[in-house]
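Peer 1: make a model of this:
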Amino acid sequence: MATIQGQRTTESVPSGLRPLNFSDKIFNPEFGYSDGDDSLFRLLYKLGKGLGKETKTKKFQCAEDVDRKKSTAISSISGATDTYFDVTSGDGDILQAGMMLYNEMTDERMRITDVSGDTVTVTRDWGSVLSGASSSTANNDVLRILGLASAEGTDAPDAITNQPSTGYNYLSFVRTAVEASEHDIHTTTEYGNDWDYARKKQARQHVREVNSTLWFSSRHEETTCPVFGKPVSTTGGVFQHLGDYYDLTTAYSGVLTEKAIDLIMERAFYNGSDDKVLFCGRHMGNAFTSIAKNKVMFNDQKSKSYGMKITEYTSGGKRLEIITEKEIFEGFGATNSTYGGTMSAQAAILDVKLMGLRHIPNMGTRLKRNVQLPGVSGRKDVWETTIGLEMSPTIDFTYNSDSAALQYRPPHLRLKGFVTYG
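Peer 2: As a prediction, this is how the structure comes out:
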């Protein structure tokens, strides 16, 4: 719907609605651009049926909660058969009398009789499975927390809860201008009318800029922008959220083998959904194809074509969809030893079910027409999109780091150090 504002015309595109002109100009590849230029934006737009949830402010909150820890560990025990010991610092808060513990190292079951700070007192060898407390109990033994074995006729236990941590992000205001002189508008060239060409090209450029913002931008706000002297905010992108990473150079010297992929799958799918998406460049995509081709026997002597396209990798019942995102993972930065730029050595495994977009009502994506100053011999339009990335875990997720315990691994993974494939 077009509304007149003085001599300015604005076209608003509500979330979830894509008029014909908006769909053609923004969401379809034009002038040689392929679907791989903005795959993340397209995917999130499709899943969210538009630009996502509305937010009334440019700073929006999103709660991040985690399950209670599944295990702790013995940090200090004087004698192997002692009935008391210290557990990992802070874990005494999630333990209480009556809980059962299972020592994964010795196969011993224990029942807690008292908790004081991080010191627990237990009944050793509950059930006499070992015929006595294990003599091999030692520091760093992992204790799985089984839960409360409550006695009959007792009161309800005190609740142990984790308060959700509230994270936040900002919205980015992305603008891309379309401009042509009066002379260019009324003349033609080899590729047609200059204005039509510029309008289509800048529409595509706008989507690319929005897509790159969702990947690389950082969460920040300044009340006075040093360029314009006005407030400015930017959204925290995917790479600011990815604190967990798998470095291929450590164990595989940068070579992506089938065994390496399976180990990455174990890491990436420890938490989150069973279906995730791997965004990568063509070179890494070729690695999956190469692994498959190496296992194929080709006996047809009459065929004149050969090859395959791998878009899905399954391991351990987990499914990884492979999307080539050329705009992000190819051709920029220092030259990689095999192909492309710096980002071709990286990839991102994302749980897109835990991701989404945010926008301000009536400011999702819109085209402002005729914004040129009075008297200018030409025309200027501008594409505008106000957008934010909502991603769980949030940027403030406490355990979002490579050194975190495995049970706290975030559902997204950054792959680094890729050089070639074997």
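Peer 1: dump the residue contacts of Ser89.
Peer 2: By Cβ atoms under 8 Å, 6 or more residues apart in numbering, the contact list for Ser89 reads Ser75, Asp118. Glycine gets a C-beta too; all of them are placed from N, C-alpha and C.
Peer 1: that one belongs to a strand?
Peer 2: No - assignment of Ser89 by DSSP: H, G, I helix; E, B strand; the rest coil gives coil, placing it outside any strand.
Peer 1: now it: how far from Met363?
Peer 2: 47 Å (Cβ to Cβ, to the nearest Å).
Peer 1: again with Pro226
Peer 2: 24 Å.
Peer 1: and those two? Which one has more around it.
Peer 2: Remark: of Pro226 and Met363, Met363 carries more neighbours, 17 against 7, as counted by other Cβ atoms under 10 Å.
Peer 1: phi, psi of the more buried one?
Peer 2: Note on Met363: its backbone torsions stand at phi -130, psi 30 [degrees, to the nearest 10].
Peer 1: show the pLDDT at the nearest residue to it once chain neighbours are set aside.
Peer 2: If the residues on either side of it in the chain are set aside, Met363 comes closest to Thr386, at 4.3 Å by Cβ to Cβ, 6 or more residues apart in numbering. pLDDT recorded at Thr386 is 92.
Peer 1: how about the helix or strand hosting Thr386 as PDB, C-alpha atoms only?
Peer 2: Assigned by DSSP states H and E, Thr386 belongs to strand 378-391. Provided in PDB are the C-alpha atoms of strand 378-391 (Å, rounded to 0.1, in the frame of the first residue of the first chain):
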ATOM      1  CA  GLY A 378      17.500  13.000 -11.400                       C
ATOM      2  CA  ARG A 379      15.800  10.500  -9.200                       C
ATOM      3  CA  LYS A 380      16.700   8.700  -6.000                       C
ATOM      4  CA  ASP A 381      14.900   5.900  -4.200                       C
ATOM      5  CA  VAL A 382      16.100   4.000  -1.100                       C
ATOM      6  CA  TRP A 383      15.500   0.500   0.100                       C
ATOM      7  CA  GLU A 384      15.300   0.400   3.900                       C
ATOM      8  CA  THR A 385      15.200  -2.700   6.200                       C
ATOM      9  CA  THR A 386      15.100  -2.600  10.000                       C
ATOM     10  CA  ILE A 387      16.200  -6.000  11.200                       C
ATOM     11  CA  GLY A 388      17.600  -7.900  14.200                       C
ATOM     12  CA  LEU A 389      18.900 -11.400  14.700                       C
ATOM     13  CA  GLU A 390      17.400 -13.500  17.500                       C
ATOM     14  CA  MET A 391      19.500 -16.500  18.200                       C
END
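Peer 1: give the buried residues for that strand.
Peer 2: Residues of strand 378-391 classed as buried by neighbour count (16 or more other Cβ atoms under 10 Å): Arg379, Asp381, Val382, Trp383, Glu384, Thr385, Thr386, Ile387, Gly388, Leu389, Glu390, Met391.
Peer 1: just the helices in the stretch 251-400 of the chain please.
Peer 2: 258-268, 282-293, 326-329 (DSSP state H, counting those that start in this stretch).
Peer 1: just say which of those helices is most tucked in.
Peer 2: helix 326-329 (a mean of 24; mean count of other Cβ atoms under 10 Å).
Peer 1: which strands and helices sit next to that one?
Peer 2: helix 194-216, strand 275-280 (3 or more Cβ pairs under 8 Å, 6 or more residues apart in numbering; DSSP states H and E).
Peer 1: who's the residue nearest in space to the middle of the chain bridged to?
Peer 2: Centroid-nearest residue in the chain, with Cα atoms, centre = their mean: Leu350, separated by 4.3 Å. Counting by DSSP bridges, Leu350 is bridged to Val277.
Peer 1: any low-confidence regions in the stretch 51-200 of the chain?
Peer 2: Counting by pLDDT under 70, the stretch 51-200 of the chain shows low-confidence ranges at 65-66, 162-164, 189-192.
Peer 1: 80 instead?
Peer 2: 63-67, 161-166, 185, 187-194, 196-197, 200 (pLDDT under 80).
Peer 1: quick one: the helices in it?
Peer 2: 182-185, 194-216.
Peer 1: tell me which of the helices and strands packed on helix 326-329 sits most buried.
Peer 2: Highest mean neighbour count of the helices and strands packed on helix 326-329: strand 275-280, a mean of 23 (counted as mean count of other Cβ under 10 Å).
Peer 1: mean confidence (pLDDT) on it, please.
Peer 2: The pLDDT scores in strand 275-280 average 94.
Peer 1: and it, what does it pack against?
Peer 2: Using 3+ Cβ pairs under 8 Å, 6+ apart: strand 275-280 touches helix 39-47, strand 318-324, helix 326-329, strand 347-350.
Peer 1: any chance of those in JSON lines, with mean pLDDT too?
Peer 2: As requested, the helices and strands packed on strand 275-280 are exported to JSON lines (pLDDT from 0 to 100):
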{"stretch": "helix 39-47", "mean pLDDT": "83"}
{"stretch": "strand 318-324", "mean pLDDT": "93"}
{"stretch": "helix 326-329", "mean pLDDT": "86"}
{"stretch": "strand 347-350", "mean pLDDT": "96"}
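Peer 1: so for Leu357, which of the ones you listed sits nearest?
Peer 2: Taking Cβ to Cβ, helix 39-47 is the member of the helices and strands packed on strand 275-280 nearest to Leu357, at 5.4 Å.
Peer 1: with just CA atoms, put the closest one into CSV.
Peer 2: Provided in CSV are the C-alpha atoms of helix 39-47 (Å, rounded to 0.1, in the frame of the first residue of the first chain):
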residue,chain,number,x,y,z
SER,A,39,20.9,-18.2,1.9
LEU,A,40,20.7,-17.4,5.6
PHE,A,41,18.4,-14.4,5.1
ARG,A,42,16.2,-16.4,2.7
LEU,A,43,16.0,-19.4,5.1
LEU,A,44,15.1,-17.4,8.2
TYR,A,45,12.6,-15.3,6.2
LYS,A,46,10.9,-18.5,4.9
LEU,A,47,10.9,-20.3,8.3
